[in-house]
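*Asks:* Predicted model follows, preceded by the sequence.
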Amino acid sequence: MSAEDSSVKIKIEPASPETASQVPGEDVASTTEINNTTDQAAPTPAEFPKVAVPRVGVTAVIQNAEGKFLCSIRKGSHGEGTWQFPGGHLEPGEELLDCGARETLEETGLKVEGKGVFTITNDVFLNEGKHYITIFAKFVMKDPNQVPQVLEKNKCDGWYWKSWDELVAINDAAAADTATKGLFLPLVNLIKKTSDLSLEDFIKQKGF
């Protein structure tokens, strides 16, 4: 038998790429929503920090009886000095809404119930070398009269209730360099998504 006859020929078929529609779970935004999460101009290879490995964060959007949103000023981490909602890193194997409820309890002591994910933002912190996919989900307090506490003093000094108009005004002032404190990047990108809608109306539009 010749060398040519003894050779084995293998045909490799190209693998079909995984699409966003194959992502499991009922609490995930639609395929269209997932495919439209780029809220910033994509950095060039020279700009993009090599240390940035994308991570997933879950943000809990919580309103009180007056329609105001629970927020605080970040400290001790990237985005220090900016306004944020409760939330944090998704742990391995953790459900999205479970993450939001856990982080809220750890940070504020509030017991909340997740209603659903209503949007996603793509947040690249070039200066800090960080990249996050932020999951925004609506939560409601199980006890509307419960008062948020500062349980992680290394992360914030207090919890406040702000209207959406107040948060948009803070963002506008920061953009015009007339305010010392702006919004955390995921909130900046959330404002871009809501356009002229209030956040409450935007969430209702998503079915929550």
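*Replies:* That came in fine, so what should we check first? Residues are numbered from 1 along each chain as shown.

*Asks:* Tell me the secondary structure at the residue sitting nearest the centre point of the chain.
*Replies:* Centroid-nearest residue in the chain, with Cα atoms, centre = their mean: Thr134, separated by 2.0 Å. What DSSP: H, G, I helix; E, B strand; the rest coil gives for Thr134 is strand.

*Asks:* and it, what does it touch?
*Replies:* Applying Cβ atoms under 8 Å, 6 or more residues apart in numbering to Thr134 gives the contacts Val56, Gly57, Val58, Thr59, Gly87, Ile120, Thr121, Asn122, Asp123, Pro186, Asn189. C-beta coordinates here come from the backbone N, C-alpha and C atoms, glycine included.

*Asks:* quick one: the third one and Arg102, what's the gap?
*Replies:* It refers to Val58. Distance, Val58 to Arg102, by Cβ to Cβ, to the nearest Å: 9 Å.

*Asks:* neighbour count winner among the two?
*Replies:* Each of Val58 and Arg102 has its neighbours counted (other Cβ atoms under 10 Å); Val58 has more, 29 against 18.

*Asks:* CA-only coordinates of the host helix or strand of the more buried one, as PDB, when you get a sec.
*Replies:* Using DSSP states H and E, Val58 maps to strand 55-62. Taking Å, rounded to 0.1, in the frame of the first residue of the first chain, the C-alpha atoms of strand 55-62 are listed here in PDB:
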ATOM      1  CA  ARG A  55     -18.200  40.700  33.400                       C
ATOM      2  CA  VAL A  56     -21.900  40.600  34.100                       C
ATOM      3  CA  GLY A  57     -23.500  43.000  36.600                       C
ATOM      4  CA  VAL A  58     -27.200  43.100  37.700                       C
ATOM      5  CA  THR A  59     -28.800  46.400  38.600                       C
ATOM      6  CA  ALA A  60     -31.900  46.500  40.800                       C
ATOM      7  CA  VAL A  61     -34.300  49.300  39.800                       C
ATOM      8  CA  ILE A  62     -36.600  50.000  42.800                       C
END
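
*Asks:* Start the count at 3 instead of 1 going forward.
*Replies:* OK, 3 is where the count begins now, so the last one is strand 57-64.

*Asks:* how about that strand: buried residues?
*Replies:* Gly59, Val60, Thr61, Ala62, Val63, Ile64 (16 or more other Cβ atoms under 10 Å).

*Asks:* ok, and the closest non-adjacent residue to the residue nearest to the centre of the chain?
*Replies:* Excluding the flanking residues, the one nearest Thr136 by Cβ to Cβ, 6 or more residues apart in numbering is Pro188, at 4.1 Å.

*Asks:* what kind of secondary structure is that neighbour in?
*Replies:* Following three-state DSSP, the label given to Pro188 is helix.

*Asks:* Low-confidence ranges, this structure, go.
*Replies:* Within the chain, the segments meeting pLDDT under 70 span 3-54.

*Asks:* Which one of the buried residues of strand 57-64 is nearest to Gly78?
*Replies:* Gly59 (15.6 Å; Cβ to Cβ).

*Asks:* and that closest one, what does it touch?
*Replies:* Taking Cβ under 8 Å, 6+ apart, we find Gly59 in contact with Gly89, Gly90, His91, Leu92, Tyr134, Ile135, Thr136, Ile137, Pro188.

*Asks:* cool, Lys77 as well?
*Replies:* Contact analysis of Lys77 by Cβ under 8 Å, 6+ apart lists Gly83, Asn156, Lys157, Cys158, Asp159.
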